[in-house]
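Q: Whatever this is, show me its structure:
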Amino acid sequence: MICEILRTGKADAVVQGLAADLLKPAKRSRGRQKALPWRWLDIADQFRRMREEDGLLYEDALRITAEKFGRSESHVRTCLATYESAQEDAPRE
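A: As a prediction, the model looks like this:
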């Protein structure tokens, strides 16, 4: 289908981009793929419950979650960012 559109000479930028990707795919990034943070879903869910159900302040929930899982507060923040990214990428019903 893309070939037919290209042959007519009326292909827009989107179709041209698709054709270019088919002919020469983008290079993969070098190195190993990044792994998800350790127990990110459990940590993010625990934090979310403390904030929403228990009504704790952000800093308090952050500190308690970090202590419970034996991780740093920055690790908990990374887990939260991963959780929020997954929520944004999730299909809507």
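
Q: What residues sit buried inside the helix-or-strand element of the chain with minimal mean pLDDT?
A: The helix or strand of the chain with the poorest confidence is helix 2-8; it has a mean of 76 (mean pLDDT, DSSP states H and E). Within helix 2-8, no residue is scored as buried using 16 or more other Cβ atoms under 10 Å. From N, CA and C alone the C-beta is placed, and that goes for glycine too.

Q: who touches that helix?
A: Helix 2-8 has contacts (Cβ atoms under 8 Å, 6 or more residues apart in numbering) with 11, 15, 16, 18, 19, 22.

Q: cool, and stretch 67-74?
A: With Cβ under 8 Å, 6+ apart, stretch 67-74 has contacts from 38, 39, 42, 43, 46, 62, 63, 66, 76.

Q: so how far is stretch 38-57 from its chain's centroid?
A: 18 Å (Cα atoms, centre = their mean, to the nearest Å).

Q: ok, now stretch 28-41?
A: Centroid separation for stretch 28-41 versus its chain: 11 Å, with Cα atoms, centre = their mean.

Q: Extract the C-alpha set from that stretch and format it as CSV.
A: Extracted as CSV, the C-alpha positions of stretch 28-41 are listed here (Å, rounded to 0.1, in the frame of the first residue of the first chain):
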residue,chain,number,x,y,z
ARG,A,28,19.2,0.3,18.1
SER,A,29,20.9,2.1,21.0
ARG,A,30,24.2,0.7,22.1
GLY,A,31,24.6,-1.4,25.2
ARG,A,32,22.2,-3.3,27.3
GLN,A,33,18.6,-2.3,27.7
LYS,A,34,17.9,-0.6,31.0
ALA,A,35,16.3,-2.8,33.6
LEU,A,36,13.2,-1.7,35.5
PRO,A,37,13.9,-0.5,39.1
TRP,A,38,13.9,-3.2,41.8
ARG,A,39,10.2,-4.0,42.8
TRP,A,40,9.0,-0.8,41.2
LEU,A,41,5.4,-1.8,41.1
